[in-house]
Structure formats: C-alpha cells, structure tokens
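Colleague: The amino acid sequence is not available; the structure is as follows:
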C-alpha cells in the first residue's frame, strides 16, 4: 500500500517538474551591447530579431549601457537575422542561430 | 459617438422596435398567432435554403424573428468592431529616417511592488480618447520623447483624428549617425519595418 502511494507521489512530482525542466533546457534568447567607435554605449537604437516566416520580434531599445535583450524566442530551423536600426535606418544585420540563450559579442559602429 | 457605434445603435433600436412592436400588436389584437384560413400546414410562411426547409403556420412570428436577427447582428457587430484613427503630426528638427515614431493607445502606467516585481491587471477602455506619440531618436538627449493629444470626433463615415498641432519634440543632438557596420544580405525576403511586430505562430 505505502509502496504504491510513494510511487504515485514520485510520479506526481516528476510530472509537475517536467515542464519547468524542459523550459529551462529550451530557453531561447539573445542579448548584447552596442557601442560607438569611441567604445561608449549608444542609447535608443532599435534592435529586432527577424525571421523570414516567423516575422519580426517586438522591438528592443538599447538602454544607457547600450544593452538589448530578447527572450522567449520561438524555435526555428532557419536562422534569424539580428538587425540594428538608427531610427529607421538599418546599420547592422547578421544571421543568428538561436538555439539557446546567446550572449552576442559587442556590436561596435565606426 | 463613433460611426460604428451609431450604426450598431440604429440596428439595436430597429431590432428592439420590431420585437417589442410585434408584442404590442399581438397584445392589441392587430395580429394573431393563428393559422391562416384556407391554408394547409406550413402555409403561413415558408423559407427554403440549400435543401433546408423552414415553415410556420403563424407568419406573425416573422416579426419577432426579424427583430431578434437585427438584435443578434448588432451584438455580433459590436464584438467585431475596430477603430480607425488617423494620426497627423510632424517631426521637429530631425531627418525622418533617423527617428522612429510609435503611437500608443493608451499609454498605461503599471504599478510595481516595492521589491520591483510587477503583477498588474490592464483594463482597456474601448472609448479611450487619448493618443500618445512616442518618438525615439538615437544620438539625441533625451532619446525618447512622449507627447499626447485628444482624439477629435469624426463625421459620419470618417475616421477619428489624433492631430498633434505642434511638432513632435526630439532631443538635442549629442552624437552623429555612425557609418553602417556589417549588413549581411538576407537569403529570403524579410518582413518590412512597417509590419506589426510580434511572432507569428
């Protein structure tokens, strides 16, 4: 009797923890910094992750440290494109494969 | 009152008038729910569509049916209605390609707990009449400027207007736009900057 109850409890706990463990393993995101040629951070740049079929992410604006971040990026077989805009003017674009949480190397303009 | 609201209200009034009017006529005896003389079963009112046949011996029911249809349609239209707002303004002294302008309807303060955590219920008012313009200009201080205006009521059939009478403010320049860095060509067409952002599932 107690054995059956304990097996049931273990199964319940495992079921409850499984989604959290799975999401921790598959968390996809990206962050980074943008700097000028003087290596000072640039504020107010608009950064997007763009995918040909999944669309364009909500914008991320660089803060006073030039920092931007994206979280909960959907899984995709094809690479994303990381785009940085000065207002509406494209200044930077590279293909990025977002398989986990990626700390992108500093983007330096100039 | 907006155009859609007017049309929906008219539909609801017509529906109610037909339904209540039908009841009133029935009470006064002007119409009755009896089979027409000389008519066989189902001869009062007959409706056939793609093999489905509906018939009744009591045509007065049609008044209620049409009234209810009007009323149901207005409820459906109310649930579907969207607002079109014309945004009119002008950027202050900044090249348009170096600024990005967002409209926010509404801009809502979200209250955070003393420990910085946020859990807040947003209540969206469909009759909100304030529109915000958020101008983001890199290389200027302040980087972000927020201005608001009241919606101007529309004439019948026209969209409402959010008109910003003074130029939308931008900060003072502190840094020039840098030359472009790496720009890799995209291997497939990418969604445009003017498309609404958000992942498509």
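Modeller: Cool, got the structure. Quick caveat: nothing in here was measured; it's all calculated off a predicted structure.
Colleague: List the buried residues for stretch B:180-188?
Modeller: Using 16 or more other CB atoms under 10 Å in any protein chain shown as the test for burial, stretch B:180-188 gives residue B:181. No exception for glycine: its C-beta is placed from N, CA and C like everyone else's.
Colleague: Apologies, that question was intended for stretch A:90-106.
Modeller: A:91, A:92, A:93, A:94, A:96, A:98, A:102, A:104.
Colleague: Verify the stated contact: residue B:84 with residue B:158.
Modeller: No. Between residue B:84 and residue B:158 there is no contact under CB atoms under 8 Å: 9.1 Å.
Colleague: Run through the strands of chain B in chain order.
Modeller: B:45-49, B:52-56, B:85-88, B:100-104, B:130-136, B:140-141, B:144-150, B:160-163, B:172-173 (DSSP state E).
Colleague: OK, contacts around the nearest residue to residue B:110 once chain neighbours are set aside?
Modeller: Residue nearest to residue B:110 in three dimensions, not counting chain neighbours: residue B:120, with 4.7 Å by CB to CB, 6 or more residues apart in numbering or on different chains. Residues near residue B:120 by CB atoms under 8 Å, 6 or more residues apart in numbering or on different chains: B:110, B:111, B:112.
Colleague: ok, now how distant is residue A:81 from residue B:184?
Modeller: Residue A:81 sits 7 Å away from residue B:184, going by CB to CB, to the nearest Å.
Colleague: quick one: common contacting residues for the two?
Modeller: Joint contacts of residue A:81 and residue B:184 (CB under 8 Å, 6+ apart) are A:93, A:94, A:95.
Colleague: bridging residues for the first one?
Modeller: Read it as residue A:93. residue A:83, residue B:183 (DSSP bridges).
Colleague: check contacts around the residue most central in space within chain A.
Modeller: Centroid-nearest residue in chain A: residue A:29, 1.6 Å away (criterion: CA atoms, centre = their mean). By CB under 8 Å, 6+ apart, residue A:29 lies in contact with A:69, A:70, A:71, A:72, A:73, A:98, A:101, A:102.
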